[in-house]
Every structure is written in C-alpha cells, then in structure tokens.
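Novice: Quick one, fold the following:
(one chain, ligands or ions: 1)
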Amino acid sequence: MLGARGGWRALRRCASLPRAVRLRVREALGAREAAAAVRVQGWVRSVRSQKEVLFLHINDGSSLESLQVVADPSLEKKDLTFGSAVEVQGKLVKSPHRMQNMELQAETIRVVGPCDIWSFPLKMKERHPLEYVRQFPHLRCRNNTLGALLRIRSEATAGIHSFFQDNGYVHIHTPIITSNDCEGAGELFQIETSREAKESAEKTHFFNVPAFLTVSGQLHLEVMAGAFTHVFTFGPTFRAENSQSRRHLAEFYMVEAELSFTESLQDIMQVMEDLFKTVTSTVLSKCPRDVELFHKYVAPSQKGRLEQILKKKFMIISYSEAVEILKQAAQTFTFKPEWGCDLQTEHEKYLVKHCGEVPVFVVNYPYDLKPFYMRDNEDGPQHTVAAVDLLVPGVGELCGGSLREERLPFLESRLQRLGLTDTYQWYLDLRKFGSVPHGGFGMGFERYLQYILGVDNIKDVIPFPRFPHSCLL
Ligand SMILES: NC(=O)C[C@H](N)C(=O)O
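Specialist: A predicted model of the protein is given here:
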C-alpha cells in the first residue's frame with residue numbers, strides 16, 4: 001500500500017530523479033565510457049571535505065578498490081561518515097587521476113544507514129592487524145584484508161567446483177549428521193536434541209540413536225563412486241580436537257574426491273596436484289589485486305613463490321625415506337623420529353624445507369598408524385598401507401588420501417580385529433556387490449587458503465571461525 005505517508009514521500013523523491021542505472025563499484029571502476037545517470041550503493045571508506053570539493057570513497061565488497069565520489073561540499077551531511085551506508089547518484093566520468101579509471105560526480109547523496117564512528121571498532125584509513133579484527137566477527141568483513149580473503153575464498157570455491165565438473169565428476173552432498181567415525185580417531189562431536197539434553201544426562205543421542213557431526217564425507221563418497229565412478233564433495237567437516245593451534249578449527253571445509261577403477265596412488269596424487277594448480281591459477285587470474293594485498297602486507301615472502309610452484313612438479317618421498325631424513329637431524333626435534341610414529345608438525349616442516357620448500361607427497365605409511373579403510377601394501381616386515389599426505393611449506397599437511405581396501409577378505413579381517421564388523425556391514429556390502437579398486441583424498445580448504453596467501457592463523461581464512469571455547473555469533 002502506498003497510501004502511508006512514508007510511501008508517497010518515497011515516490012515523490014524517486015520521481016524527482018532521472019532513472020539511473022544501478023552499478024556495483026567493480027562495474028563502475030571498470031566502465032569503458034562515461035554514463036550520465038548512475039546509482040552506486042555501498043559503505044563509506046573515507047570522507048575528505050575540502051573548501052571547494054567533497055571526496056568520498058565507497059566500497060560495496062565487489063572489489064578491493066573503492067570508487068571515488070566527487071561532490072559539491074553542499075552535499076555533505078552530518079551523518080555522512082566513515083562506515084555509513086550510502087547511495088550516490090550522479091555522472092560516471094573518466095577520472096583525471098592516473099591511479100583510477102573512473103569516478104562518480106555526485107548529484108545526490110543519501111545516507112541509507114548512519115554509523116556511530118565513536119563506537120565502530122574499525123577506523124578510517126587504518127591497516128588493522130588480523131588479530132585485532134578477529135575480535136569482531138560481525139564487522140571484520142568490512143576490513144580490506146578480510147574483504148580480499150572472502151572474495152578469494154569465493155573464487156576458489158567456484159574454481160574447485162569447476163575443476164571437478166570439467167573433469168566429469170559428479171557432485172554429491174554428503175551428510176553432515178552421520179553415524180560413522182570415518183577416521184576412527186574418536187574426535188567426534190556427538191549430537192543430541194536440546195530436549196534430550198535437558199531431560200536426561202544419559203540420553204545424549206539424536207532421537208535416541210547415536211549420531212555425530214561428520215569428520216569426513218569419504219565413506220559416503222565411496223558409496224557413490226560405486227555408481228558414478230568419479231565423485232566429489234565440498235562441505236563443512238568437524239573435529240572435536242581440543243587444539244588452539246594456528247592450523248586447527250573445530251569446523252572446517254573439506255574438498256573430497258573419490259575415484260573408482262583406480263589402482264595406483266600415483267593417479268590420486270596427480271588429481272591432488274592438478275586440483276591445487278588449476279584452482280590456484282584461477283585465483284591468481286581472477287583476483288590478482290586481492291592476492292597482491294596478502295603478498296604485500298601479510299606475507300611478503302610469498303610474493304612470486306606461487307607462480308614458481310605452479311611450474312614445478314611436486315616431490316614424492318616414502319614415509320620410510322622421510323623417517324631416514326628426519327633421523328639425520330634427530331637432535332633438532334622435540335619428538336624423536338621413529339619408524340611407526342606419526343609425523344609431527346616439526347617433522348613436516350623439516351621435510352618440506354629439506355625438499356626445497358616445495359609441496360611434497362609422503363607415501364606408504366605404517367599399517368598400524370592408519371584407519372581401517374586404507375589398502376594393505378602387503379610389503380613385509382615394515383608393513384605399510386597405500387596412503388599419501390601432501391605437505392606444504394608453512395602449513396604442513398594439506399591433503400590426505402589413500403587407495404581403499406577393496407578386497408573383501410582383507411577388509412573383513414581388519415574390521416573384525418577392530419571389533420567394527422557390525423558397524424560396517426554396509427561398507428562390507430560394497431565389496432560384495434561389484435567392488436572395484438578405488439581411492440580418493442581430502443583437502444582442507446582453509447589450509448589451502450592459508451598456504452596460498454601466507455596467512456599464519458587459520459582463524460583468519462574462514463568467515464566465522466569455530467575453535468575450542470569460542471563460538472562467537
Ligand atoms: N576423503 C579423504 O580421503 C579424507 C580422509 N578421510 C580424511 O578425513 O583425512
């Protein structure tokens with residue numbers, strides 16, 4: 001109904017203005033020609049008032065750069081401040097400044113939503129450290145660094161989907177609520193309804209059946225690989241690890257792929273390497289300015305490194321070789337490297353350095369270290385499975401994968417020894433009804449972003465980080 005006073009007023013206000021084309025800041029900045037009537041909306045990044053002219057910069061999240069608005073000082077208003085939301089209408093013209101292509105000559109400026117600058121935690125023209133803005137998860141997306149990160153994250157997400165779709169994989173939505181502990185590490189969040197939690201301390205279940213937040217979509221992907229051959233998933237996964245480290249989150253995104261009719265770990269590694277290189281090239285070409293910001297202010301040592309890495313073949317060493325390399329430098333480690341023990345972060349770092357700071361695949365891990373689904377290499381006293389981890393500089397483990405045990409007798413005896421036969425009857429079924437050699441991997445999306453951008457803390461590469469004792473927002 002337009003009868004209300006506000007409605008008629010709004011109509012009159014619109015009627016007095018020529019119809020203007022609404023442009024995003026990115027479109028306005030990239031425009032080839034001047035335009036007579038343009039409307040841009042966004043948030044004010046800076047205001048500079050001079051005697052003869054008023055300068056504004058507005059940003060709407062579509063690009064790192066803000067659009068310069070030039071206005072008559074008479075258009076200045078009290079609540080036109082840093083942080084306020086505005087709508088500017090006017091002429092888009094070529095800018096006389098070398099650093100920018102276009103600018104907007106304002107005819108009207110409307111403050112859509114004022115900003116209380118005194119309590120607003122971001123300050124005009126300040127480069128806020130990532131640790132500072134982390135305290136304000138509801139506002140930090142208005143900061144340049146987080147803005148750049150979130151645009152890169154969005155392009156990388158699209159790049160991952162394109163990579164798999166272009167290569168004939170079917171995308172599967174694997175469930176978030178699950179009854180299995182794929183990794184068998186016991187790092188699960190158990191689900192209970194709020195009523196169950198209230199009614200009885202014992203009934204900590206999902207309508208009386210055990211259920212958890214997924215740690216990996218792998219087992220569900222294996223089901224689907226048994227029908228679609230090549231499948232992938234990309235969604236949130238959860239680990240109840242009580243770790244405050246700069247590499248762990250309780251909720252993180254994982255890209256996982258599963259390939260049927262695959263007999264060699266080499267094939268799996270090739271997909272990991274191709275995925276990494278294709279998505280990284282996409283990000284570099286789609287968001288050059290955003291990536292540059294990280295390599296200028298956050299991790300200057302990364303500048304130019306990625307381009308070099310994209311041209312190199314990733315290295316491959318076996319777990320046994322890795323342990324030998326580590327033993328040579330045993331005195332430098334807190335945890336002494338031993339065959340049969342997990343590689344610690346300090347070991348991973350050393351190995352990557354030893355290999356010339358390039359990504360390195362470590363293959364064939366001890367049988368006893370790895371989960372039940374990995375394929376037995378049947379290789380004598382140092383018993384291993386066909387597993388692979390991809391280690392990268394600064395981050396450590398980026399991807400983990402394996403060939404899966406597709407042979408029914410092997411899998412049966414392993415599950416029996418672990419006392420898991422009943423739980424995994426359905427998984428054993430997959431080996432009875434048209435089983436094929438297959439394998440797959442998972443890549444931690446936040447670790448990927450940490451690595452390519454050189455971000456030290458994983459909490460700064462996800463919009464809303466969840467970690468022990470913290471669930472802000
Ligand atoms: N899909 C995978 O191979 C990932 C593996 N299940 C993990 O969670 O590390």
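
Novice: Which single residue in this structure comes nearest to the ligand?
Specialist: Gly442 (2.8 Å; Cβ to the nearest ligand atom). Any C-beta I mention is one placed from the backbone N, CA and C, and that applies to glycine too.

Novice: How about the secondary structure of that residue?
Specialist: What DSSP: H, G, I helix; E, B strand; the rest coil gives for Gly442 is strand.

Novice: Identify the spatial nearest neighbour of Met269, chain neighbours not counted.
Specialist: Nearest residue to Met269 in three dimensions, chain neighbours excluded: Phe361, at 5.3 Å (Cβ to Cβ, 6 or more residues apart in numbering).

Novice: Wasn't the one you found part of a strand?
Specialist: Yes - counting by three-state DSSP, Phe361 is located in a strand.

Novice: That one: neighbour count?
Specialist: Neighbours of Phe361 under the rule other Cβ atoms under 10 Å: 22.

Novice: what bridges to it?
Specialist: Under DSSP bridges, the beta-bridge partners of Phe361 are Ile316, Leu390.

Novice: Break down the stretch 251-400 of the chain into its strands, ranges please.
Specialist: All strands of the stretch 251-400 of the chain, identified by DSSP state E, counting those that start in this stretch, fall at 251-260, 315-318, 360-366, 384-392, 396-403.

Novice: okay, those in a markdown table with mean pLDDT and distance to Val44 next?
Specialist: Output for these, formatted as a markdown table (pLDDT from 0 to 100; distance: least, Cβ to Cβ, whole Å):
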| stretch | mean pLDDT | distance to Val44 |
| --- | --- | --- |
| strand 251-260 | 98 | 32 |
| strand 315-318 | 97 | 49 |
| strand 360-366 | 98 | 47 |
| strand 384-392 | 98 | 39 |
| strand 396-403 | 97 | 39 |
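
Novice: Could you dump those into TSV and include distance to the ligand?
Specialist: What follows is the strands of the stretch 251-400 of the chain, written out as TSV (distance: least, Cβ to the nearest ligand atom, whole Å):
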stretch	distance to the ligand
strand 251-260	4
strand 315-318	18
strand 360-366	12
strand 384-392	9
strand 396-403	4
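
Novice: Would you mind giving the ones you listed as JSON lines with distance to Gly235 added?
Specialist: Listed next are the strands of the stretch 251-400 of the chain as JSON lines, based on distance: least, Cβ to Cβ, whole Å:
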{"stretch": "strand 251-260", "distance to Gly235": "7"}
{"stretch": "strand 315-318", "distance to Gly235": "29"}
{"stretch": "strand 360-366", "distance to Gly235": "25"}
{"stretch": "strand 384-392", "distance to Gly235": "20"}
{"stretch": "strand 396-403", "distance to Gly235": "16"}
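
Novice: So for Gly454, which of those sits nearest?
Specialist: For these, the distance to Gly454 is smallest for strand 384-392, at 11.3 Å, taking Cβ to Cβ.

Novice: Give me the angle between the closest one and strand 396-403.
Specialist: Orientation check (axes from the mean of the first three to the mean of the last three Cα atoms, to 10 degrees): strand 384-392 against strand 396-403 gives 150 degrees.

Novice: Output the contacting helices and strands for strand 384-392.
Specialist: helix 265-286, helix 345-354, strand 360-366, strand 396-403, strand 438-444 (3 or more Cβ pairs under 8 Å, 6 or more residues apart in numbering; DSSP states H and E).
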